[in-house]
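# Attaching a predicted model along with its sequence, questions to come.
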Amino acid sequence: NAGVMQNPRHLVRRRGQEARLRCSPVKGHSHVYWYRQLPEEGLKFMVYLQKENIIDESGMPKERFSAEFPKEGPSILRIQQVVRGDSAAYFCASSPPTQGSQGSGYTFGSGTRLTVV
Amino acid sequence: AQTVTQSQPEMSVQEAETVTLSCTYDTSESDYYLFWYKQPPSRQMILVIRQEAYKQQNATENRFSVNFQKAAKSFSLKISDSQLGDAAMYFCAYRSGGRGTYKYIFGTGTRLKVLA
């Protein structure tokens, strides 16, 4: 049973380009969460999605960032017109629908390290 | 708003010795969960141990144990018989316990070095 798969593992983009980060959750998990880790910092919540729905995007910058989790296929975190400050590791995690009441830890992916040059 | 503080940016321990990593948190909630995650150089976030706030008994997982002091809002991680493979970043995390809650709040991490 594969864990959370994120790709690419490393992504280099020039300023102004678009970055697309992909996350395939654990099979059977319908909830996906994206977190960002800036250098020397802990992970910070960005967005929570269920299939075809954004539940909470309170941690996501209002501009240039968007996320989706379509009915078929992986979740996508999209960053348009990247700037140097977007350089970070972006983590995806997933959980089954009952996780919220059980307090079990998410399953995290290994992250995508985005470098903007 | 809840906060998590890890005041030790870096710690070192001799192989086979014991080390304690500190974590304090602030919350007005009574129902919550606390976690320790390990992040090795591979970047994978690995759940080490978790604690339910309503349980007085400290959680233990093999060589890993916690000292949970609810009144003091302290949640330290003790690693016994340290091994070279324990070298990693360790993050303390908080999550509210209410139904439908899902956000984790992470500390800034402690880098643990294990000396041979």
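All right, it came through fine.
# ok, the residue positioned nearest the centre of chain A to A:G109 distance?
For chain A, the residue nearest the mean C-alpha position is A:W34 (3.3 Å; C-alpha atoms, centre = their mean). For A:W34, the distance to A:G109 under the criterion C-beta to C-beta, to the nearest Å works out to 10 Å. Every C-beta, even on glycine, is put in place using the N, C-alpha and C of the backbone.
# joint contacts of the two?
The contact sets of A:W34 and A:G109 overlap at A:C23, A:F91, A:C92 (C-beta atoms under 8 Å, 6 or more residues apart in numbering or on different chains).
# which among the residues you listed are in contact with chain B?
Within the set of the shared contacts of A:W34 and A:G109, contact with chain B (C-beta under 8 Å from any C-beta of the partner chain) is found for A:F91.
# Strands - which of the shared contacts of A:W34 and A:G109 land there?
Using DSSP state E, the members of the shared contacts of A:W34 and A:G109 that fall within strands are A:C23, A:F91, A:C92.
# residues near the residue in chain B positioned nearest to chain A, how many?
With C-beta to the nearest C-beta, the shortest gap between chain B and chain A falls at B:F106, namely 3.3 Å. Counted with other C-beta atoms under 10 Å in any protein chain shown, the neighbours of B:F106 add up to 21.
# what sits against it?
With C-beta under 8 Å, 6+ apart, B:F106 has these contacts: A:G42, A:L43, A:K44, B:V4, B:Y37, B:F91, B:C92, B:A93.
# With B:F64 instead?
By C-beta under 8 Å, 6+ apart, the contact set of B:F64 is B:W36, B:V48, B:I49, B:L77, B:K78, B:I79, B:S80.
# and which of the ones in strands among the shared contacts of A:W34 and A:G109 is nearest B:S30?
If you rank these by distance to B:S30 using C-beta to C-beta, A:F91 comes first, at 28.9 Å.
# what is that closest one paired to in the beta sheet?
When assigned by DSSP bridges, A:F91 has beta-bridge partners A:Y35.
# now the residue most central in space within chain B, which residues is it bridged with?
Nearest residue to the geometric centre of chain B (C-alpha atoms, centre = their mean): B:W36, 3.1 Å. For B:W36, the beta-bridge partners under DSSP bridges are B:I49, B:C92.
# now it: how far from B:A72?
As for B:W36, its distance to B:A72 is 17 Å (criterion: C-beta to C-beta).
# and what of B:G100?
With distances defined as C-beta to C-beta, the gap from B:G100 to B:A72 amounts to 29 Å.
# List, one by one, the residues from chain B near chain A.
Residues of chain B lying near chain A (C-beta under 8 Å from any C-beta): B:4, B:33, B:35, B:37, B:42-45, B:47, B:50, B:52, B:91, B:93, B:95, B:97, B:99-109.
# Can you select the buried ones from these in ChimeraX?
In ChimeraX syntax, the buried subset of these is picked out as below (16 or more other C-beta atoms under 10 Å in any protein chain shown):
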select /B:4,33,35,37,43,44,45,47,50,52,91,93,95,97,101,102,103,104,105,106,107,108,109
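# Okay, and which of the residues of chain B next to chain A map to strands?
Here DSSP E is the test, and those give B:4, B:33, B:35, B:37, B:47, B:50, B:52, B:91, B:93, B:95, B:104-106 as lying in strands.
# burial of residue 116, as a residue count?
Just going to use chain A. Here the number of neighbours of A:V116 (other C-beta under 10 Å) works out to 19.
# not quite, I wanted chain B
A total of 6 residues lie near B:A116 under the criterion other C-beta under 10 Å.
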